[in-house]
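>>> here is the input, now give the coordinates:
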Amino acid sequence: MLLTSLLCALLLEYYFPLKNGLFEVFASRVINWARNKLDIGDWKLAAMVWLAVVIIPASFFWVIWYLLMLAHPFLGLVFLTLLLYLSLGFKQYLDRFSNIRKHLISSDVDKAKNFLSDWSAKEHSDPVLQEVSKTGDHNQISREAIKLLVVSLHRNLFSVIFWYLILPGPLGLVAYKFSVLTKRIWSEELQGALEEKTVSEDGEPDPLSFSEENYFDSISKKGFFWFDWISCRVTAFVFAVVGNFEDVVAMIRASSAGNFEGGHDSERIILAAGEGAMTFRLTVPTALSGKRQLENFDSDIQSHVDLRDPDENSMVVASGLMWRSLILFLTILLLTTFGWFANLIH
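Below is the predicted model of the structure:
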């Protein structure tokens, strides 16, 4: 059932992609409602709200799936396939990536930057990505597009598949998707609050004006970190198998040894694995923002691995890495299914 539902969902998503993101729309409404109704500025309550937002919807969908399985296994299969189809959404990222590459090849940098800007607006982007979407050149746009593809497919394809296979029914995939969305939505709300924060007479920000938002933002980040701790390393291992194994290991070790702000973030592990697998320079570990960061990103941490600057032709390599990783996931699942059937027969 796992293999059948996953293959059906992947085919549906590839040939009939959903543009509206129905699952994300539903989840976003639940997350926003919980925050607006239950935010009283207490970190314990914020932690309880996060747990409730992640666990209750996952349990709700699991109960529906279980009841359908009791009625008939085919109904459970259809429900799982539909839920996977609604929650994956990886085709939209591949399309955005392809559009950026197409415009870079045709030397239409402005349109490529527009597509990159639209993509970054839907993600919690960093200052480098925002700067590149305004003033970047071919190489910088290619680099940021590859970064977005690697992170987006990890969170919307590989990790979803991993948690779908680990936990029974839809429990894992729903819980993971809600943890991703709570991190994104509550971080965006914090950013908006910081932009509108009150300023005291000495010109310093008043911490009381946005202290409550910090609880939900920090709780969602910590919760997602623990949720993504295993899955990001599984994705990194898959990148190592289908890419350059030794360089992936070297880059992950170097990245783990680095003393960067937010170093606990799983995104750092994924990007380091992507750099090693493709031998492309994707991260800018120095400076905070501006062109200085875009043009000068030499790092002692990365000096022992020969990384190249990506361009529009390198984007084909990135797409190939993603497809090979997906094939490896499906191959492992197929072999596991065959082993289960063989054991059942004997």
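
>>> okay, now the unreliable bits of the protein?
20, 124-125, 189-213, 257-264, 284-305, 340, 346 (pLDDT under 70).

>>> what about 80?
Applying pLDDT under 80 to the chain flags residues 1, 19-21, 38-42, 122-126, 187-214, 255-265, 283-306, 339-346.

>>> OK, contacts around residue 100?
By CB atoms under 8 Å, 6 or more residues apart in numbering, residue 100 lies in contact with 112, 115, 116, 119, 141, 142, 145, 315. Heads up, the C-betas are built off the backbone N, CA and C, glycines and all.

>>> so it: helix, strand or coil?
helix (DSSP: H, G, I helix; E, B strand; the rest coil).

>>> same thing with residue 131?
Relying on three-state DSSP, one would call residue 131 helix.

>>> any idea how many residues pack against it?
For residue 131, the neighbour count with other CB atoms under 10 Å is 18.

>>> check residue 104 too.
If you count neighbours by other CB under 10 Å, residue 104 ends up with 25.

>>> could you shift the numbering so residue one becomes 58, and keep it that way?
Sounds good: first residue 58 from here, last item residue 161.

>>> do you know how far it is from residue 201?
Per CB to CB, to the nearest Å, residue 161 is found 12 Å from residue 201.

>>> how far away is residue 280 from residue 287?
14 Å.

>>> out of the two, which sits in the busier spot?
residue 280 (19 against 14).

>>> was I right about the more buried one contacting residue 109?
No: the pair residue 280 / residue 109 is not scored as a contact, 11.5 Å apart, by CB atoms under 8 Å.

>>> going by neighbour count, which residues in stretch 186-198 are buried?
186, 187, 188, 189, 190, 193, 195, 196, 197, 198 (16 or more other CB atoms under 10 Å).

>>> measure that stretch end to end?
By CA to CA, to the nearest Å, the extent of stretch 186-198 from end to end equals 9 Å.

>>> give me the distance from that stretch to the chain's centre.
21 Å (CA atoms, centre = their mean, to the nearest Å).

>>> look up which helix or strand residue 294 falls in, please.
Take DSSP states H and E as the rule and residue 294 turns out to sit in helix 268-299.

>>> for the helix or strand where residue 396 lies, packing partners?
In this structure, residue 396 sits in helix 371-402 according to DSSP H and E. Applying 3 or more CB pairs under 8 Å, 6 or more residues apart in numbering; DSSP states H and E, one finds that helix 371-402 contacts helix 59-72, helix 148-162, helix 195-210, helix 216-223, helix 268-299, helix 323-335.

>>> elements contacting the next helix or strand after the first one?
The reference is to helix 59-72. Later in the chain than helix 59-72, the nearest helix or strand by DSSP H and E is helix 79-95. Applying 3+ CB pairs under 8 Å, 6+ apart, one finds that helix 79-95 contacts helix 100-128, helix 130-144, helix 228-252.

>>> winner for burial among the ones you listed?
Highest mean neighbour count among those (mean count of other CB atoms under 10 Å): helix 228-252, with a mean of 20.

>>> got the angle between it and helix 100-128?
Counting by axes from the mean of the first three to the mean of the last three CA atoms, to 10 degrees, helix 228-252 lies at 150 degrees to helix 100-128.

>>> helix 228-252 to helix 79-95, inter-axis angle?
Using the same axes, to 10 degrees: helix 228-252 against helix 79-95 is 60 degrees.

>>> what's near enough to touch the residue nearest in space to the middle of the chain?
By CA atoms, centre = their mean, the chain has its centre lying nearest to residue 212, at 2.9 Å. Counting by CB under 8 Å, 6+ apart, residue 212 makes contact with 237, 285.

>>> also residue 285?
With CB under 8 Å, 6+ apart, residue 285 has these contacts: 212, 216, 233, 236, 323.

>>> can you put those residues in JSON lines and add distance to residue 309?
Formatted as JSON lines, the contacts of residue 285 follow (distance: CB to CB, whole Å):
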{"residue": "212", "distance to residue 309": "18"}
{"residue": "216", "distance to residue 309": "17"}
{"residue": "233", "distance to residue 309": "22"}
{"residue": "236", "distance to residue 309": "23"}
{"residue": "323", "distance to residue 309": "12"}
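
>>> closest to residue 88 among those residues?
Nearest to residue 88 among the contacts of residue 285, counting by CB to CB, is residue 236 at 10.3 Å.

>>> how far away is the closest one from residue 108?
Counting by CB to CB, the gap between residue 236 and residue 108 amounts to 10 Å.

>>> repeat for residue 125
26 Å.

>>> likewise residue 192?
42 Å.

>>> around residue 291, how many other residues sit close by?
By the criterion of other CB under 10 Å, residue 291 has 17 neighbours.

>>> over to residue 180?
Neighbour tally, residue 180, other CB under 10 Å: 15.

>>> just checking, it touches residue 204?
No: counting by CB under 8 Å, residue 180 does not reach residue 204; the two are 10.1 Å apart.

>>> circling back: in a markdown table: the buried residues of stretch 186-198, plus distance to residue 92.
Shown next, in a markdown table, are the buried residues of stretch 186-198 (distance: CB to CB, whole Å):
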| residue | distance to residue 92 |
| --- | --- |
| 186 | 26 |
| 187 | 25 |
| 188 | 30 |
| 189 | 31 |
| 190 | 28 |
| 193 | 34 |
| 195 | 41 |
| 196 | 40 |
| 197 | 35 |
| 198 | 34 |
